[in-house]
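Undergrad: predicted model and sequence below, questions to follow.
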Number of protein chains: 2
Amino acid sequence: MSQPLKFYFDFLNQSSRALYILLEASKIPFEAIPISMLKGEHLTGEFRDKVNRFRKLPAITDHGYQLSENSAIFRHLAREKLVPEHWYPRRHLGRSRIDEYLAWQQSNMGVATTEYFQQKWLVPYLQKTRPTDNAVNVAGKQLEHTLNEFEQLFLNSRKFMLGDNISFADLSAICEIDQPKSIGYNAFQNRNKLARWYEAVREELGPHYKEVLGEFESKLKRSGSGQGVAQAVKQ
Amino acid sequence: MSQPLKFYFDFLNQSSRALYILLEASKIPFEAIPISMLKGEHLTGEFRDKVNRFRKLPAITDHGYQLSENSAIFRHLAREKLVPEHWYPRRHLGRSRIDEYLAWQQSNMGVATTEYFQQKWLVPYLQKTRPTDNAVNVAGKQLEHTLNEFEQLFLNSRKFMLGDNISFADLSAICEIDQPKSIGYNAFQNRNKLARWYEAVREELGPHYKEVLGEFESKLKRSGSGQGVAQAVKQ
């Protein structure tokens, strides 16, 4: 058999979780190579020199070909591997809708969830301090705004973003929302549509999702021995 | 004949120029509908309510279907219309490379060129003031960094980003670089590889590109009657 796909990831990163779940759910054979962002392994050594010149996670190598960027890896898999149609459906211009969401996510949802996670958890962890109230408040306001936009622009009366079937847009979005949620942020207050959609996606994704989310949350707990972090996780 | 594609754009916006050139060069029939960002037309009225709920340019409607986001519109055209293969080539995983570049552009090049343009031209124009030196310097530093990264990560000894043929990655990137260039920024100092690539892309794009760039630059001149703006354009 030829060289399998190599997948470099860290479950602390939302796009790593989304693609890992997609790979598992699609039964694509892959070699899982965890890279620790907290130890800076994505910035140095063999990873930087031979795996990913962008110094970013997630990344893949496929037959010696390096590729970075969440949305680019997703489309690469959809073209080169056997990804079930519902994740990126051709019907009713589903692919155009998913592309539009992924582009919006990159400049909006992804920025807001990452910033909140950094201010409330990552910076305090790395600097061994408590979170700065002001920075967390600013990030929290941005996150509020983004979640409201997400609900308005992308959710409707249907079960999933594109209708009756789950797609990669739902999978990406739930992993984004878990980023603040798993450190104690309540995303669902006054957002009934969001809460209903979240439950439906979680239910549909089943064990692949639960397992990966569990890994993420135990990583948070294992790392969260400092004062500020323990508080951040509890809240 | 059925309803043609409607393309909503403003030549002040780099992605509007890139997609307009792609449509023209690919001979895709479309109705060109200019929307003035300086007058805020993308934020109000029929455009917001019936054309684009994202209140962003560029946007399309295709058979009544609304779509936003530069990269999503590009892929929609590649799937639904007759776009020549070299713009988004399947060979040698060209599509994966272009997807990777477009994602990088969205979070890096696009942010830096937009910020520089805003600080040096747009904010002074709208507020009828001179550019703030400090803000322009900060934006200029970020732009320096991004252009260096672009040269390192995406250019090589080949003529275009993917090799001998021009692709949508080149077209997108040149329109990004024109954003600061057309208001006087020198992108090519100590960047020979960038200068060579820029010339090759400009040459290859021919009259479609020159015409659209000319429209952009005369828009800048027509709007640039204020003191700060006149200076910004000259520098």
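TA: Yep, it's here.

Undergrad: enumerate the residues of chain A near chain B.
TA: Residues of chain A found near chain B (C-beta under 8 Å from any C-beta of the partner chain) are A:53-54, A:65, A:67-72, A:75-76, A:79-80, A:93, A:95-96, A:99-100, A:102-104, A:106-107, A:153. All C-beta atoms are positioned from the backbone trio N, CA, C, and that covers glycine.

Undergrad: which of the residues you listed are buried?
TA: A:54, A:67-72, A:75-76, A:80, A:93, A:95-96, A:99-100, A:102-104, A:106 (16 or more other C-beta atoms under 10 Å in any protein chain shown).

Undergrad: now the nearest residue to A:E217 once chain neighbours are set aside: phi and psi?
TA: In this structure, A:E217 finds its nearest non-sequential neighbour in A:S182, 5.3 Å apart by C-beta to C-beta, 6 or more residues apart in numbering or on different chains. Dihedral pair for A:S182: phi -70, psi -10, per degrees, to the nearest 10.

Undergrad: least trustworthy helix or strand in chain A by mean pLDDT?
TA: helix A:227-234 (a mean of 42; mean pLDDT, DSSP states H and E).

Undergrad: mind naming the longest helix for chain A?
TA: helix A:192-223 (DSSP state H).

Undergrad: mind listing what's buried along that one?
TA: Result for helix A:192-223 [16+ other C-beta under 10 Å]: buried residues A:194, A:197-198, A:200-201, A:205, A:208-209, A:212-213, A:216-217, A:219-220.

Undergrad: check which helices and strands that helix sits against.
TA: Using 3 or more C-beta pairs under 8 Å, 6 or more residues apart in numbering or on different chains; DSSP states H and E as the contact test, the elements touching helix A:192-223 are helix A:14-25, helix A:133-154, helix A:168-181, helix A:227-234.

Undergrad: just the ones in strands from the residues of chain A next to chain B, please.
TA: A:65, A:67-68 (DSSP state E).

Undergrad: helix, strand, or coil at A:Q3?
TA: coil (DSSP: H, G, I helix; E, B strand; the rest coil).

Undergrad: give me the number of residues near it?
TA: By other C-beta atoms under 10 Å in any protein chain shown, the residues close to A:Q3 number 10.

Undergrad: any idea of the pLDDT on it?
TA: On pLDDT, A:Q3 comes in at 74.

Undergrad: which non-adjacent residue is nearest it?
TA: A:H63 (5.8 Å).

Undergrad: on the pLDDT front, check the one you found for me.
TA: On the pLDDT scale, A:H63 gets 85.

Undergrad: go on, the one 4 residues further on?
TA: The predicted structure scores A:L67 at 94 on the pLDDT scale.

Undergrad: before we move on, what about the one 10 residues further on?
TA: With respect to pLDDT, A:L77 has a value of 97.

Undergrad: ok, it - contacts?
TA: A:19, A:22-23, A:26, A:28, A:83 (C-beta atoms under 8 Å, 6 or more residues apart in numbering or on different chains).

Undergrad: next, count neighbours for A:H63.
TA: A:H63 has 11 nearby residues by other C-beta under 10 Å.

Undergrad: for A:P34, see how far away it is.
TA: Distance, A:H63 to A:P34, by C-beta to C-beta, to the nearest Å: 22 Å.

Undergrad: could you do A:D164 as well?
TA: In terms of C-beta to C-beta, A:D164 sits 35 Å off from A:P34.

Undergrad: A:H145 too?
TA: Distance from A:H145 to A:P34, by C-beta to C-beta: 33 Å.

Undergrad: same check, this time on A:F160
TA: For A:F160, the distance to A:P34 - C-beta to C-beta - is 30 Å.

Undergrad: between the two, which has more neighbouring residues?
TA: Ranked by neighbour count (other C-beta under 10 Å), A:F160 and A:P34 place A:F160 first, with 19 against 14.
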